[in-house]
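Participant: Fold the following for me, if possible:
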Amino acid sequence: MATSTPPTCGTSISSKDMHDIKIRYRISPATMSLLSSIPKSPDRQQILHKACNASELRCFPLKQAERGFFREINDHTAIPYPIKENISQPWHKVFLLIQVELLRTGWPNKISAAARKELYQELGRMLVLLDRVLRCIVDFLGVRRDGRGVNAALDLLRSTWSRVWDGDGRELLSIDGIGAAKMDKLGRAGVRTIRQIQQLEFCHIERLLSRNPPFGHQLLQKLAGFPRLVCEFESIVQAPRAPTPQETPPPSGICPWVCRAVMRYENEKPPFWKKENPWVSLVIEGDDGRLLWFWRGGIQKLNESKDLLICLQTKMREKIQVRLACEEIVGTMVSMTHQMPEIVEDPGSGASSFGHVKNL
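Facilitator: Residues are numbered from 1 along each chain as shown. Predicted coordinates for the structure are as follows:
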């Protein structure tokens, strides 16, 4: 999917677009109506709140025996988004259980072993349903041309798939066999990301973690499939403005630019992570949060690099954000800030400027 959008955010969605999204993700009309109330430029908390209120996730009632457990999660754990009302609704259960799972600090003990086992089973079903709802939200916000919201929803999607919050410095916990103790040992040595581990010698890894061979070699083999994404971006030439009488001219100060985005990976072989070929998304966002461009595809499309020529409607010297990441894997995002050139009188004269890329 790829889309080029005009320079406004919060565009209304047609009934056909709503119907297509509903059918694509098998979402109820009630949930689609709920999504329409998502505010402009929502953050991660607002998206998680709306997703947990979806009718698809109302099948997890909060049982009387679980209330003390969820009050403990809400009041005495480090979840980022506690609830300020009485814990009693089905969405409270999903909202809190997802957060405490992503903390990776373990669940509170205020629940029986049988109830804990049942909750683990429910959590698996919650994550499957939440995946559907979040992907629906990504498409919904994309059609609405809300770039900031799309990025927040994709951030949450990566986090729930990896079962650890993206961007909180704990991505090492997404590696099978790396727990909190090993993460702390690596952190004391300044190693906090998967990319940093990939740059170490296997013997150095074994020394840091006090493990014997072939632990380091096996870990590096496991991490060889972790996607190491690269993105380059440039504005090439100002496109001529030639609207037909039926077209509405762009607002003053907005100019079409032909741009080029190049995406690839540094891995020797196509990335393959946890038995899956990951999907990647490219999101280009204006300085006011509007969505300028969205593209997604399987990572196989990046074999030998993926070169996109796109036309963006941007403001003069606008600083745009370009983000490329795998949809289900934390720690894969590369982010670019690019300042668009000044508008020139003669579009044929052209201009070229590369963005600055940083790995997050």
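Participant: quick one: low-confidence ranges for the stretch 1-150 of the chain?
Facilitator: For the stretch 1-150 of the chain, the stretches with pLDDT under 70 are 1-11.
Participant: would you put the C-alpha positions of the longest strand anywhere in the chain in CSV?
Facilitator: Assignment by DSSP state E gives strand 254-265 as the longest strand of the chain. Extracted as CSV, the C-alpha positions of strand 254-265 are listed here (Å, rounded to 0.1, in the frame of the first residue of the first chain):
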residue,chain,number,x,y,z
ILE,A,254,2.5,24.5,-0.7
CYS,A,255,4.6,23.1,-3.6
PRO,A,256,4.8,19.7,-5.2
TRP,A,257,8.3,18.1,-5.1
VAL,A,258,9.6,15.0,-6.8
CYS,A,259,11.5,13.0,-4.1
ARG,A,260,13.4,9.8,-3.9
ALA,A,261,13.4,7.3,-1.1
VAL,A,262,15.8,4.3,-1.1
MET,A,263,15.2,1.5,1.3
ARG,A,264,17.4,-1.6,1.9
TYR,A,265,18.9,-3.8,4.6
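Participant: Which positions in that strand come out as buried?
Facilitator: 254-261, 263-265 (16 or more other Cβ atoms under 10 Å). Heads up, the C-betas are built off the backbone N, CA and C, glycines and all.
Participant: Next: stretch 178-198.
Facilitator: 178, 182-183, 186, 191-195, 197.
Participant: where does T31 land in three-state SS?
Facilitator: Secondary structure, DSSP: H, G, I helix; E, B strand; the rest coil: T31 is helix.
Participant: Can you name the residues that contact it?
Facilitator: By Cβ atoms under 8 Å, 6 or more residues apart in numbering, the contact set of T31 is 54-56, 133, 136.
Participant: Apply 10 Å and report the result again.
Facilitator: 22, 25, 50-51, 53-58, 132-133, 136-137 (Cβ atoms under 10 Å, 6 or more residues apart in numbering).
Participant: Which two of the buried residues of strand 254-265 have the greatest separation?
Facilitator: The two members of the buried residues of strand 254-265 with the most space between them (Cβ to Cβ) are I254 and Y265, at 33.8 Å.
Participant: if we can go back for a sec, mark which of the contacts of T31 are buried, thanks.
Facilitator: Counted by 16+ other Cβ under 10 Å, the contacts of T31 give 22, 25, 50-51, 53-54, 56-58, 132-133, 136-137 as buried.
Participant: Give me the subset of those lying in strands.
Facilitator: Using DSSP E, no member of the buried ones among the contacts of T31 falls in strands.
Participant: can you tell me which of those residues are in helices?
Facilitator: 22, 25, 50-51, 132-133, 136-137 (DSSP state H).
Participant: Switch those over to TSV; also include distance to S281.
Facilitator: Converted to TSV, these look like this (distance: Cβ to Cβ, whole Å):
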residue	distance to S281
K22	21
Y25	16
K50	20
A51	18
R132	17
V133	17
C136	15
I137	13
